[in-house]
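K.L.:
Quick one: sequence plus predicted model below, questions after.
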Number of protein chains: 4
Amino acid sequence: MNDKIKVAIVGGSGYTGIELIKILDNHKNAEIKYITSRTYAEKKIAEVFPLTLSLKNNSELTFIDEIKKGDLNSVDAIFLCLPPGKSMQYVSEIVEIFKGKIIDLGADFRIKDENEYEKWYENEHILKEYIPEFVYGLSEINREIIKKAKYIANPGCYPTAALLALAPILKIKELKIESINIDSKSGVSGAGKKLKDEYLFLNIFDNFYAYSAINHRHIPEMEQEINKISSKKIKICFTPHILPLDRGIFSTIYVNLKKDLNITDLEDKIYQYFYNDYKSEIFVKFLGENIPSLKNVVGTNTAHIGFIFDKRTNVIKIFSAIDNILKGASGQAVQNMNIMFGFNEDEGLRLNSIYN
Amino acid sequence: MNDKIKVAIVGGSGYTGIELIKILDNHKNAEIKYITSRTYAEKKIAEVFPLTLSLKNNSELTFIDEIKKGDLNSVDAIFLCLPPGKSMQYVSEIVEIFKGKIIDLGADFRIKDENEYEKWYENEHILKEYIPEFVYGLSEINREIIKKAKYIANPGCYPTAALLALAPILKIKELKIESINIDSKSGVSGAGKKLKDEYLFLNIFDNFYAYSAINHRHIPEMEQEINKISSKKIKICFTPHILPLDRGIFSTIYVNLKKDLNITDLEDKIYQYFYNDYKSEIFVKFLGENIPSLKNVVGTNTAHIGFIFDKRTNVIKIFSAIDNILKGASGQAVQNMNIMFGFNEDEGLRLNSIYN
Amino acid sequence: MNDKIKVAIVGGSGYTGIELIKILDNHKNAEIKYITSRTYAEKKIAEVFPLTLSLKNNSELTFIDEIKKGDLNSVDAIFLCLPPGKSMQYVSEIVEIFKGKIIDLGADFRIKDENEYEKWYENEHILKEYIPEFVYGLSEINREIIKKAKYIANPGCYPTAALLALAPILKIKELKIESINIDSKSGVSGAGKKLKDEYLFLNIFDNFYAYSAINHRHIPEMEQEINKISSKKIKICFTPHILPLDRGIFSTIYVNLKKDLNITDLEDKIYQYFYNDYKSEIFVKFLGENIPSLKNVVGTNTAHIGFIFDKRTNVIKIFSAIDNILKGASGQAVQNMNIMFGFNEDEGLRLNSIYN
Amino acid sequence: MNDKIKVAIVGGSGYTGIELIKILDNHKNAEIKYITSRTYAEKKIAEVFPLTLSLKNNSELTFIDEIKKGDLNSVDAIFLCLPPGKSMQYVSEIVEIFKGKIIDLGADFRIKDENEYEKWYENEHILKEYIPEFVYGLSEINREIIKKAKYIANPGCYPTAALLALAPILKIKELKIESINIDSKSGVSGAGKKLKDEYLFLNIFDNFYAYSAINHRHIPEMEQEINKISSKKIKICFTPHILPLDRGIFSTIYVNLKKDLNITDLEDKIYQYFYNDYKSEIFVKFLGENIPSLKNVVGTNTAHIGFIFDKRTNVIKIFSAIDNILKGASGQAVQNMNIMFGFNEDEGLRLNSIYN
């Protein structure tokens, strides 16, 4: 008897789709029933990626153009790996038919304020009434509501790194935050596989620079969740940079405290908040005053977080490192599936770093 | 009921040991009973590598100083991950007590001619009578004798890449080989983790060079197997180089044919030999005239092999790419274990490339 | 007739020494008379670095153990490339004899407050009375006093990148700065050539992390100059990171303004201050709202600076990129020499990026 | 009085053109009078490359669309940096008017046998009668005829590395060569700046592979010169590979000798031939049995060559490293100009490696 849930992946041939396939191929409680791709329709996965995929259970899986309406309810959950604007379109087409769960890896349902969405994404939202139904899937922070959720808006990669780093201290009531500067460095895979001059080897190797230095679309997402956690209106200043490597995000976060701050044992208190929040977590390792290394998290679903309190300047510096495609996308998506269906949270996600 | 075999890893804290742990942690038919390390004795694996390992079944596993004689026969197989000269020492201590199988990842039992061994390794062999007992564990080539073997000498990384590339054409009887030049390029992990000036970032990054350009110790190993397969005395000229990256070996092999060669449809014939030899193999992919890419094999247990016949010069060029720590060491070791115990050959080894 | 000034380099075999040699070899107005190195005494430069140096005028130059007292005054200027603490020792030995100019590339005379020096460097200063004689050699900012200076304390690499980026806005009187966070990323050459585990290829390649995340010794140097320029007591929060490449520093600077700030056309004003300060500079290029790229400055003596004013959060983000060994050390040292001796400021320093 | 020669660069905005500008800007005996570029016509160099070029004498130089016929003879030499097929077209237009010297960095006049040219380049040659007029500009080998040449066909990058490595031993009369395998590894800049999928960062970084593994167009060029030097018909088997870095070529050359070879002191003899050929050369360093490193030659005009004689297999292994854009293109072009005009051969070319 096969008691695995059946899932579908819509838009399965990009980075996040492939990563879902790899994870789910090794998952005890789930199996891929459908996978769609306009580009590769009718082709076997094992034919499209013969050189990089070595699948245990899915070597016969074949891309289809789209899931027929009548077949939708033969799956228990759908992962959406679609470009901005396409998720809401797809959801609008299936939402009244499909009874199962949806995990959207795109950005369409993350921003709860539709005006904010339209301002930052310069696009009309066509399914406003469903935005509130999508729980923001930051697994460790929202686990309880994820358990009961039907729809998940899976977080962006930069927000995952930043919010896991900020959440514990945002809960320290007496902390008066003056400003937050988030300086993030990401591997090139964050940009996908576009054929653009700026992604040529000669323009990235041996190089380093910032991009989208103002108004990056992950800002409203981070602020929304920061404000939810802290119950305060806090704006953040965010700068992403390109690292000359493939995978991973390293964020250095400066939480500037008000100057008149006077809290006894603040450093210990911060430590305690971090420690308590993450001591039982499988996928967040709190390193105390040690600084994470990108290489230790790449290939895993784990976030590494360390902090230092700089008394001289009243700044809490937090360091956060994740794999942008795993904890920052497909890994967390499966983690959310595990939570929603009551599976072991780490099922399929015991992934080791390739380096030791 | 637990019907898994029990294995021990001796010398388990280096590159190949850790890789064995990662693979076996996900293995349906085997479990790690003992793991030894002088450096980390009494420490849990999960304590020693907390940042890079995320184990499903072995998080409680603890390094021990050594396996007690009396406990030896509670395991079915022992993997040896020891420096040159240390394997034979260890084997000499246990061989009369231990009833199980031994897979030696070191070089001590690879060279069958003890004089050759002593010449190339500049070391006396203290267990000559056991050398013939160790089957050379090149899985695809020696599968039938591996099945019946008690002891395995697991191949070196360069020999694995080269021999898989050469084996099919060495069997073409009418082929008259004039000379073979093997030009290999390896990532830095091949050198282990030594603290030497030459392994500093500044000396390797953005750099490329050859090393051990004469008399590398993998030469007698390659020649021994080449001669066994071809039934001819063929000498090879081998040059290893350091690539500015962590993992992987890419070998370009020039098989210079005698000038008076005149074989009808030689190109097709070569293709057929490769195709037939590898068409049913899980861990060797023959790419025909396509050229392998290092990135496609890193993180997997698969060898990719392509060839081109240069009619102008009568040279068969063969390209071969593997992950030096997996197919070139620990991956093939587990593959051999699977073969010896009759498990599915790919159990635990369905590993995907991190890049797609 | 040879009207070139004569210079000596003390401690000439490290990174900064070699870079001085390369620059001075191509300098119209200066020639190297002495170069000292304990390690290479009696050896020709061309013998010590035969593979990487190709000198026009200095191929016969020979390292000496030390400059004899009696010979000191045959040179017009001395460059000191010595480890922390060694510069003051050397200066103490020669200062009463030597009539010429000294350019110290070390840190001993940068900090003007001897208590600050002793606190941050955990070392007693043995030549306190001479500290005030050393002009802080940030060429563009202190050009007028450098012209008249006898002794120069050449700035650190991180301070050079940060101070050139901050100087223009620190002069805007009405600007109320709440806090400054400096997030810097440096190539590995910044750490010199030490044989340490952390500088192994395997620990840096494909990796990224912060280090010295609190109390880096460049902090007092930066604060001292910031306060001098702004006439205000401003503390900075500084974090250096290691980039997986050889050369260059990229700094992202967050100048958090007070929230009640209300300045008309602030963005334009900032632009004007930058533009005016740097429009005639050869070695600082102001890019406006464009973001610098590390690769464009590596190999040159030029700093590239861009900025963005984030109105939403009242933060001025400044981006600054330099070559840490050139503008961040030896290049600026020669620039200072040029200024002190009235040579063309760019003599010897018209260096092009290797990449285009 | 200005007694510098005047030169023109046709097609000056690509890699080789820019490198010529950098070199000539620092040249005592030559100045750039014209530089053409269809893309940047009417723009100043200093405007087109403001971020990477810092020129002493040419900051006002302006790209023009083309040199007017009437102006041609105001220059003494023309460098052609044009795509395949375009050089002969340009030469055909000016050859009867222009009295000065031409240095063609392209491939159109390298192959002396027009049929060979047309076969390998799949293009009709429109100026066959002029092919013999172009001297193959391998500076060290053909210096004497370069001195008297009017037209130069500047060698390709791979041929430069290979031929400098092979020339000395090709002159050893008693040496019987069975076959030659040339295994070359090149940085990405060799491919120019094309926007192609294969040149994306994600496809090259952390990767390694061979390309054009058969019939690369540099083969006939190498064979032609090998045959000229050795007076024998020798075919070579050549394989280029892409290294994950920007600049440099490293070639490993296997000269397989006939098995019945019996030459007394062959190793010493080879050493002597190399030593004698290169002992007075500025731009070829013979390292004896030491192996070159790519990083030592990048940024310089120097070739580093080492060799090892493998007695076991009767193979001479030669290692050769150059900067593909300098000694492999623009550097050698200026070296040839220096030779032709009787300037110091190293004028403008005393370039140091950026790393030490």
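P.N.:
Nice, thanks for sending it over. All values derive from a computational prediction rather than experimental measurement.
K.L.:
Following element in sequence after the least confident helix or strand in chain A by mean pLDDT, please.
P.N.:
Least confident helix or strand, chain A: helix A:45-48 with a mean of 92, by mean pLDDT, DSSP states H and E. Next helix or strand after helix A:45-48 toward the C-terminus (DSSP states H and E): strand A:63-64.
K.L.:
Give the rounded mean pLDDT of that following strand.
P.N.:
On average, the pLDDT along strand A:63-64 is 97.
K.L.:
Quick check: residues of chain A near chain B?
P.N.:
Within chain A, the positions near chain B by C-beta under 8 Å from any C-beta of the partner chain are A:15, A:18-19, A:22, A:25-26, A:49-56, A:206, A:246-247, A:282, A:285, A:293, A:296, A:298-302, A:304, A:346, A:350-356. Backbone N, C-alpha and C define where each C-beta goes, glycine included.
K.L.:
Narrow those residues to those in strands?
P.N.:
Counting by DSSP state E, those place A:285, A:304 in strands.
K.L.:
List buried residues within the residues of chain A next to chain B.
P.N.:
A:15, A:18-19, A:22, A:25-26, A:49, A:51-55, A:206, A:246-247, A:282, A:285, A:293, A:296, A:298-302, A:304, A:346, A:350-356 (16 or more other C-beta atoms under 10 Å in any protein chain shown).
K.L.:
Which members of these additionally contact chain D?
P.N.:
A:206, A:246.
K.L.:
For the stretch 201-350 of chain A, give me the ranges with low pLDDT.
P.N.:
Residue ranges of the stretch 201-350 of chain A with pLDDT under 70: A:261.
K.L.:
My error: substitute the stretch 1-150 of chain A in the last question.
P.N.:
A:1-2.
K.L.:
and the least confident helix or strand of chain A, how far out from the chain's middle?
P.N.:
Distance, stretch centre to chain centre, for helix A:45-48: 26 Å (C-alpha atoms, centre = their mean, to the nearest Å).
K.L.:
now do stretch A:256-275
P.N.:
28 Å.
K.L.:
out of the residues of chain A next to chain B, which are inside helices?
P.N.:
A:15, A:18-19, A:22, A:25, A:296 (DSSP state H).
K.L.:
coming back round to it: the least confident helix or strand of chain A - contacts with which helices or strands?
P.N.:
Taking 3 or more C-beta pairs under 8 Å, 6 or more residues apart in numbering or on different chains; DSSP states H and E as contact, there are no helices or strands that helix A:45-48 lies on.
K.L.:
What residues of it count as buried?
P.N.:
The neighbour-count check on helix A:45-48 (16+ other C-beta under 10 Å) flags A:45, A:48 as buried.
K.L.:
Would you agree A:K185 is in contact with A:I249?
P.N.:
Yes. Counting by C-beta atoms under 8 Å, A:K185 touches A:I249, with 7.0 Å between them.
K.L.:
Look at those two and report which has more neighbours.
P.N.:
Neighbour count, other C-beta atoms under 10 Å in any protein chain shown: between A:K185 and A:I249, A:I249 has more, with 29 against 26.
K.L.:
ok now do that one, which residues does it touch?
P.N.:
For A:I249, the contacting residues are A:157-158, A:161, A:184-187, A:190, A:320-324, A:328, by C-beta atoms under 8 Å, 6 or more residues apart in numbering or on different chains.
K.L.:
Look up how far B:Y211 lies from it.
P.N.:
35 Å (C-beta to C-beta, to the nearest Å).
K.L.:
next one: A:M88
P.N.:
Noted for A:M88: a distance of 57 Å to B:Y211, by C-beta to C-beta.
K.L.:
now swap in A:L351 and tell me
P.N.:
33 Å.
K.L.:
how about the helices of chain A, start to end?
P.N.:
Secondary structure of chain A, counting by DSSP H: helices at A:15-25, A:45-48, A:86-94, A:114-121, A:139-148, A:157-170, A:201-204, A:218-230, A:266-278, A:294-297, A:331-341.
K.L.:
could I get those helices as CSV with distance to D:P84?
P.N.:
Compiled in CSV, these are given as follows (distance: least, C-beta to C-beta, whole Å):
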stretch, distance to D:P84
helix A:15-25, 37
helix A:45-48, 35
helix A:86-94, 43
helix A:114-121, 46
helix A:139-148, 56
helix A:157-170, 44
helix A:201-204, 21
helix A:218-230, 46
helix A:266-278, 60
helix A:294-297, 43
helix A:331-341, 48
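K.L.:
Quick check: which of those helices is nearest to D:A8?
P.N.:
helix A:201-204 (27.3 Å; C-beta to C-beta).
K.L.:
Which elements pack onto the closest one?
P.N.:
helix D:201-204.
K.L.:
Quick one: name the residues of the stretch 151-300 of chain A near chain C.
P.N.:
Close to chain C, as judged by C-beta under 8 Å from any C-beta, the stretch 151-300 of chain A has residues A:178-179, A:181, A:183, A:185, A:202-203, A:206-211, A:213-214, A:235-237, A:239, A:241, A:243-246, A:248, A:250, A:252, A:254, A:256, A:291-295, A:298.
K.L.:
Drop anything exposed from these.
P.N.:
A:178-179, A:181, A:183, A:185, A:202-203, A:206-210, A:213-214, A:235-237, A:239, A:241, A:243-246, A:248, A:250, A:252, A:254, A:256, A:291-295, A:298.
K.L.:
Ignoring the adjacent residues along the chain, who's closest to the residue in the stretch 251-356 of chain A that chain D sits nearest to?
P.N.:
With C-beta to the nearest C-beta as the measure, A:I354 is the residue of the stretch 251-356 of chain A nearest to chain D, at 10.8 Å. Leaving aside its sequence neighbours, A:I354 sits nearest to A:G299 (C-beta to C-beta, 6 or more residues apart in numbering or on different chains; 4.8 Å).
K.L.:
Kindly report the same for A:H304.
P.N.:
That would be A:P292: by C-beta to C-beta, 6+ apart, it lies 3.6 Å from A:H304.
K.L.:
ok, now A:L55?
P.N.:
A:D25 (4.7 Å).
K.L.:
In this structure that neighbour contacts A:N58, no?
P.N.:
Yes. Between A:D25 and A:N58 there is a contact at 5.0 Å, judged by C-beta under 8 Å.
K.L.:
Common neighbours of the two, please.
P.N.:
By C-beta under 8 Å, 6+ apart, the residues touching both A:D25 and A:N58 are A:I32.
K.L.:
dump the residue contacts of the residue nearest to A:R350 when sequence neighbours are not counted.
P.N.:
With sequence-adjacent residues excluded and distances taken as C-beta to C-beta, 6+ apart, A:R350 is closest to B:K56, at 4.5 Å. Going by C-beta under 8 Å, 6+ apart, B:K56 touches A:346, A:350, B:25-26.
K.L.:
Run through the residues of the stretch 101-250 of chain A sitting next to chain D.
P.N.:
With C-beta under 8 Å from any C-beta as the criterion, the stretch 101-250 of chain A meets chain D at residues A:188-189, A:193, A:195-197, A:199-206, A:244-246.
K.L.:
close enough to count as contact, the residue of the stretch 251-356 of chain A closest to chain D and A:V298?
P.N.:
Yes. The pair A:I354 / A:V298 is scored as a contact, 7.3 Å apart, by C-beta under 8 Å.
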